[in-house]
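Student: Sequence first, then the predicted structure, then my questions.
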Amino acid sequence: MRRLLDTLYAAAAAIAGISILGICLLVSAQIMLNIAARLLGPGHALTIPSYADFAGFMLAAATFLALGPTLRQGGHIRVTLLTRRLGGRLALGLELFVLAITAALTGFVLRYVVQLIGESWRYNDLSPGIIPIPLWIPQCLMALGLVILLIALIDTFLGDLRSGRPSLQNPDET
């Protein structure tokens, strides 16, 4: 099971990275077209249709898909001033409490994102750009990222319970 979860986190991180790379390539291509138009004149102006929409969708995918893997790597920003001063059991209790609250909030948000996807599907909501994209497609990537985050939160919670010590530490703190 551990290998399956680690593979899930690695795949989500890879897709998030590919999304960031896609943004870089798309925006760079549009910049090159803008430079070409400046050099060759306005008659040669070209625009990648809906490139800003696509970049925004890729940014949302990258952001949400990276949440779970970032949690597991200890990369989220935390205030450790309090947890460093607490003893082992108090620090563990605080981390378990925070993980449980965060999992509940993530589940709550996920429920409403799934409802949003349903409404977008039902009403055929489309992006307003030149190329109309059904909004349920990027919303599904957002929901997938939330599912992976929820799995990571539960995984970390159970791991902390099994080990009896807090596990969310920045690699620089160990």
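Tutor: Okay, I see it.

Student: The lengthiest helix in the chain - contacts with which helices or strands?
Tutor: Across the chain, the longest stretch assigned as helix under DSSP state H is helix 2-40. Helices and strands touching helix 2-40, by 3 or more Cβ pairs under 8 Å, 6 or more residues apart in numbering; DSSP states H and E, are helix 51-65, helix 67-72, helix 136-163. (C-beta placed from N, C-alpha, C; glycine too.)

Student: Only alpha carbons, please: show the second one as PDB.
Tutor: In this case it means helix 67-72. Taking Å, rounded to 0.1, in the frame of the first residue of the first chain, the C-alpha atoms of helix 67-72 are listed here in PDB:
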ATOM      1  CA  LEU A  67      -0.900  19.900  -2.600                       C
ATOM      2  CA  GLY A  68      -0.700  16.200  -1.600                       C
ATOM      3  CA  PRO A  69       2.900  15.600  -2.600                       C
ATOM      4  CA  THR A  70       4.000  18.800  -1.000                       C
ATOM      5  CA  LEU A  71       2.300  17.800   2.200                       C
ATOM      6  CA  ARG A  72       4.100  14.400   2.200                       C
END
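
Student: Could you tell me how far stretch 96-103 lies from the centre of the chain?
Tutor: Between the mean C-alpha point of stretch 96-103 and the mean C-alpha point of its chain there is a distance of 19 Å (Cα atoms, centre = their mean, to the nearest Å).
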